[in-house]
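S.K.: Okay, here's the prediction I keep looking at, along with the sequence it came from:
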Amino acid sequence: MELLRQYWWLIIVIASILGCFVTINQGFIGVVTMFGKYRRILRPGLNFKIPFLEQIFKKVSVQNRSVELEFQAVTIDQANVYFKSMLLYSVQNEQEDTIQKVAFKFISDKDLMQALIRTVEGSIRAFVSTKKQAEVLNVRRDIVENVKEQVDVALEGWGYHLQDLQINDITFDEAIITSMSKVVASNNLKAAAENEGQALLITKTKAAEAEGNAIKIAAEAERQAAQLRGQGVALFREEVAKGMSQAASEMKQANLDTNVILFSMWVEAIKNFAEYGKGNVIFLDGSSDGMEKTMRQIMAMQQLKENGMS
């Protein structure tokens, strides 16, 4: 005790010297007051202050801060909408005027948080109250932009800036969700029925087109086949006529009766009937009178042909 009494002044000097220095961590700015009045700010690192006179009133964080919000809003058609969102904000800048606003606008961070949350909720509720329940899900981006535009003005007066607002979830009452599910299901069924109808129409149209094309192709093939058959018959008759003329000419030169040719053709015709008849019944007059009658008809046709050629 005696030693402390002798060196009390030295202890006071050492304490005063140590009290002249203060350390501010990175990401914070110190606000200094003197006799209760704002004096200046201290940047991160080691700083000097007047001992016993200057006091560190508050250390203001300039880092980004986030807060989660859950609240309810009512649409113009009286539907309850429940929001879950995340708010990201920070000090507007590190200028002295801005830091002074942040330090003295609110008594504590709790009061700042309450004012910030109520401001965001009020802005979203005011916007949602002008929309119908069916429109809310489609205006998520519009809600965010509207809130940023309005809230930024208020935050600027407090020295803060709204970095981002994310609306993570939008839900409705159970009855509304059930009805919306039914509407979606019915719309899906309607779309499926329309698609099925369109598919069936396309299938039937393509089938009809294919059938029509097949009929056209078959008709064209039949036409060409008939034409070829006609040409074949004509060529056959032409060759038969040439053969008969040549045979008749040779028989005349040999002083033979040309009726032998007609008789041979008659026999060949009967043979052909029997060979290719395939069981069909063919009635022919096989008598001598029938053959003679047929011969006269063939000779008459041959005579007409020869008169025409001459």
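M.R.: That came through, no problem.
S.K.: This protein: strands as residue ranges?
M.R.: For the chain, the strands defined by DSSP state E occupy 21-24, 28-34, 37-42, 45-48, 54-61, 65-74, 80-91, 160-172.
S.K.: pretty sure Ala103 is touching Val31, no?
M.R.: Yes. Between Ala103 and Val31 there is a contact at 4.3 Å, judged by C-beta atoms under 8 Å. Heads up, the C-betas are built off the backbone N, CA and C, glycines and all.
S.K.: Show me whatever sits in contact with both of these two.
M.R.: By C-beta atoms under 8 Å, 6 or more residues apart in numbering, Ala103 and Val31 have these common neighbours: Tyr38, Phe57, Lys58, Val60.
S.K.: Mind putting those into TSV with distance to Leu228?
M.R.: Below are the shared contacts of Ala103 and Val31 laid out as TSV (distance: C-beta to C-beta, whole Å):
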residue	distance to Leu228
Tyr38	113
Phe57	113
Lys58	108
Val60	103
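S.K.: Please list only the buried members of the residues you listed.
M.R.: Phe57, Lys58, Val60 (16 or more other C-beta atoms under 10 Å).
S.K.: Would you point out the most distant pair within the shared contacts of Ala103 and Val31?
M.R.: Tyr38 and Val60 (12.3 Å; C-beta to C-beta).
S.K.: Give me the common contacts of the two.
M.R.: Val31, Ala103.
S.K.: Show the average pLDDT along stretch 35-51.
M.R.: Per-residue pLDDT over stretch 35-51 has a mean of 87.
S.K.: End to end on it, go ahead and measure it.
M.R.: 12 Å (C-alpha to C-alpha, to the nearest Å).
S.K.: in it, what's buried?
M.R.: Buried residues in stretch 35-51 (16+ other C-beta under 10 Å): Ile41, Leu42, Asn47, Lys49.
S.K.: Quick one: the helices in this structure, in order.
M.R.: Ranges of helices in the chain, per DSSP state H, are 2-6, 8-19, 96-104, 109-128, 133-136, 140-158, 174-253, 259-276, 288-309.
S.K.: who does the longest one touch, helix- and strand-wise?
M.R.: With contacts defined as 3 or more C-beta pairs under 8 Å, 6 or more residues apart in numbering; DSSP states H and E, the secondary structure elements packing on helix 174-253 are helix 259-276, helix 288-309.
S.K.: Ok, the third one next?
M.R.: Under the contact definition 3+ C-beta pairs under 8 Å, 6+ apart, helix 96-104 sits against strand 28-34, strand 37-42, strand 54-61, strand 80-91, helix 140-158.
S.K.: can you tell me which residue is nearest the centre of this structure?
M.R.: Computing the C-alpha centroid of the chain and ranking residues by C-alpha atoms, centre = their mean puts Ala191 first, at 14.5 Å.
S.K.: Read off the pLDDT value for that residue.
M.R.: So Ala191 comes in at 80 (pLDDT).
S.K.: Could you pull up the contacting residues of it?
M.R.: No contacts exist for Ala191 under C-beta under 8 Å, 6+ apart.
S.K.: Excluding chain neighbours, what is closest to Glu156?
M.R.: Gln92 (6.6 Å; C-beta to C-beta, 6 or more residues apart in numbering).
S.K.: Quick check: the one you found touching Gly157?
M.R.: No. Between Gln92 and Gly157 there is no contact under C-beta under 8 Å: 10.1 Å.
S.K.: Neighbour count: those two, which is higher?
M.R.: Between Gln92 and Gly157, counted using other C-beta atoms under 10 Å, Gln92 has the larger neighbour count: 20 against 9.
S.K.: got a list of what Gln26 touches?
M.R.: Taking C-beta under 8 Å, 6+ apart, one finds Pro44 in contact with Gln26.
S.K.: ok, Ala103 and Val31, which is more surrounded?
M.R.: Val31 (22 against 19).
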